[in-house]
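Participant: Only the shape, not the letters, is given here:
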């Protein structure tokens, strides 16, 4: 990737938590912090995750401080015994814990008014390493700032929504004040439909990207591929121009008809915009996706303007009663068939009186497959205008993955129909 | 947390990738590896993520080797310029890259038979640091094993499904052979419904957990809370006994009626089992959740045994036509109301002829709220037997979060009904 040696302000993140190392949870805090920093011209250069143990935390702090322009630490700030961050800081930076008298009074006041008793846990909440300041004094969120050897260190709670509040309200403004000279950073994601990653790679290799100053990346997603463009420059205008040029080049090499949107413009967002433009209503009839297709469509705010209804016709009876699929058709071809998928799409459209309808029927597994129709066999259909298109697909992977790919394939069919 | 100094075999994970540090993707590889290792009596003690840069990778390798019983590295193994792992290993461990002649011949043969030309990229694929061995010789998956200073180091690709194959087929068997004496590890998650985390914490604090040898943790989830139990011992029987005792204690302190399941037993799994036991069929009618409730129910394999159908009645017209909600009711109370929720649940049940039906109607936002019914106002209803219960909720957060909490609240209502 090019652009790596750009003049980012590079910081480090230390996430503390047994639950991450034991695999109980994904490290979503690291992801959120990475995205937020990048959007403001900062960059994470490294992330370290260690156990809730004083030794491990202190060692990581020692190691990160000299190589970081700033340091963000999450986790281990609660009042219980398994929260060791403050003690680790005290030791690593030789800054003994001190009770913050004002904080103590505030906490005591709050407890009294809540009719609760004083205890050692509350006392601990008012302790901070020497020289540190509370981020949200008087509020029930732990978090403190400490400048050590000229490196600002931000200690945040591990609970995501508390961490996010302090990151937005305290950490980012402070970082921007301390580092006013940041490069402009631009990032763009191009969403590519119906093209394999290897094919994308081959086509994009035909161009020399070095000279554009834009770094290219590939990220396979479920049902689609992402091409990422990263540019760094002196001004936002310069960066935007570089990205525009690179996007035009990617579009030329891959073909416009393979690119459905940028950044957050998921297929459901794009399809929603097109439906609104045409003034079309949409209904969906789904079997193996069990509601996932409707859920993706209605995840977009304002979907009620074009989404009329969804039929989750899981049973054959529901297909007959709600969509008017002929029982003989189910009998003759089975529920997972070209004919039934077509009847579902057309039935949903007729019963609802909308301009477009999607249908999905398939075998999501893990059981239910046969030699002729193995697990992963899925039919997606789209009825609009005077046409109903049905496509047979064969997907691989878990039940969840097959369901996701099926919903994506149905949306792709509708997108093609709306843009053709 | 107790149990930390237990005789785990503790290893380190190094994940390499700009896409993680820039926030393009979540570090799902780290999560998968953590879960897999734990299930086999190993433990990750630290995870480090660095950029695709030779210096950064080499520094991390230097740092991790002396503190790790084993080392797993993911990413940076492809044939392109931004894949720097091999060079970093060569430098950090002073093991120059050598072409693996046999591999080279295999690759050349494969290319020839595919009618493709030889290039520098392919040549690179056959290079390995001195002393390393390919994990999957002759297969198109990069990955190698290198023992350095008696520490086994496993280098895996960053593409999740390739990484997972090599982890299962090569890394785990090799680790188990090298470390036959591992402690038995047991982990249990208890899923707690309708109780705040602070309340859970307060109740569980009444007991001294130190003596049980089981470490307790708390993990708030959307709609429910998790209490985690971690035990380490000499044998699986010993561990299971400790966990059983701890679980009984937690259950006694929180009350049996607040615990819906263990581990992977999500509400939709538990509810599915109860429906199957009773021989009940289920239908759902949802508005603001837009298919999410049906999707959660049908995410469970075999849901077709009890799930009859779902109505995603997004428009008022759909509520009238499909569920028989009286138009006057919608007029008088609005779609987001106690009366309409009840009519939706009862309508879904009557139209379908099943034993139980759920309904959800609410305002997921970001717009559409009013002073009387702010964004997040949601009614969930359950009709079964001779009763229809409707509950008004007020949720906070993003549209997605409100939708998730709404679907969870509906499932909770059904779970209560099935267990009462």
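Facilitator: Done, it's in. What you see is a predicted model; the values in this text were computed from it and never measured.

Participant: helix, strand or coil for the residue lying closest to residue A:267 once chain neighbours are set aside?
Facilitator: If the residues on either side of it in the chain are set aside, residue A:267 comes closest to residue A:411, at 4.3 Å by Cβ to Cβ, 6 or more residues apart in numbering or on different chains. Heads up, the C-betas are built off the backbone N, CA and C, glycines and all. What DSSP: H, G, I helix; E, B strand; the rest coil gives for residue A:411 is helix.

Participant: Neighbours of residue A:411, how many?
Facilitator: Residues near residue A:411, counting by other Cβ atoms under 10 Å in any protein chain shown, number 26.

Participant: and what of residue A:151?
Facilitator: By the criterion of other Cβ under 10 Å, residue A:151 has 17 neighbours.

Participant: Go ahead and confirm the residue nearest to residue A:267 touches residue A:272.
Facilitator: No: contact criterion Cβ atoms under 8 Å: residue A:411 and residue A:272 do not qualify, at 10.2 Å.

Participant: any common contacting residues for the two?
Facilitator: Shared contacts of residue A:411 and residue A:272 (Cβ atoms under 8 Å, 6 or more residues apart in numbering or on different chains): residue A:297.

Participant: what's in contact with stretch A:169-176?
Facilitator: Outside stretch A:169-176, the residues touching it (Cβ under 8 Å, 6+ apart) are A:9, A:36, A:40, A:42, A:70, A:72, A:135-136, A:143, A:145, A:152, A:154, A:156, A:182.

Participant: what's the spacing between it and its chain's center?
Facilitator: 23 Å (Cα atoms, centre = their mean, to the nearest Å).

Participant: from memory residue A:236 sits against residue A:182, does it?
Facilitator: No: using Cβ under 8 Å, residue A:236 is not in contact with residue A:182; the gap is 11.1 Å.

Participant: Now for the spatially closest residue to residue A:326 that is not a sequence neighbour, which secondary structure element holds it?
Facilitator: Once flanking residues are discounted, residue A:326 sits nearest to residue A:343: 6.8 Å by Cβ to Cβ, 6+ apart. According to DSSP states H and E, residue A:343 maps onto helix A:338-352.

Participant: What helices and strands are in contact with that helix?
Facilitator: strand A:282-286, strand A:307-312, helix A:316-323, helix A:327-333, strand A:356-362, strand A:377-384, strand A:387-394 (3 or more Cβ pairs under 8 Å, 6 or more residues apart in numbering or on different chains; DSSP states H and E).

Participant: list the contacts for the residue nearest to residue A:267?
Facilitator: A:267-268, A:271, A:293, A:296-297, A:358.

Participant: where's the residue of chain A positioned farthest from its centre relative to residue A:360, distance?
Facilitator: Computed with Cα atoms, centre = their mean, the residue of chain A farthest from its C-alpha average is residue A:328, at 44.0 Å. Distance, residue A:328 to residue A:360, using Cβ to Cβ, to the nearest Å: 22 Å.

Participant: Could you do residue A:245 as well?
Facilitator: For residue A:245, the distance to residue A:360 - Cβ to Cβ - is 39 Å.

Participant: And the two? Which one has more around it.
Facilitator: residue A:360 (28 against 15).

Participant: Retrieve the pLDDT associated with the more buried one.
Facilitator: The per-residue pLDDT reported for residue A:360 equals 98.
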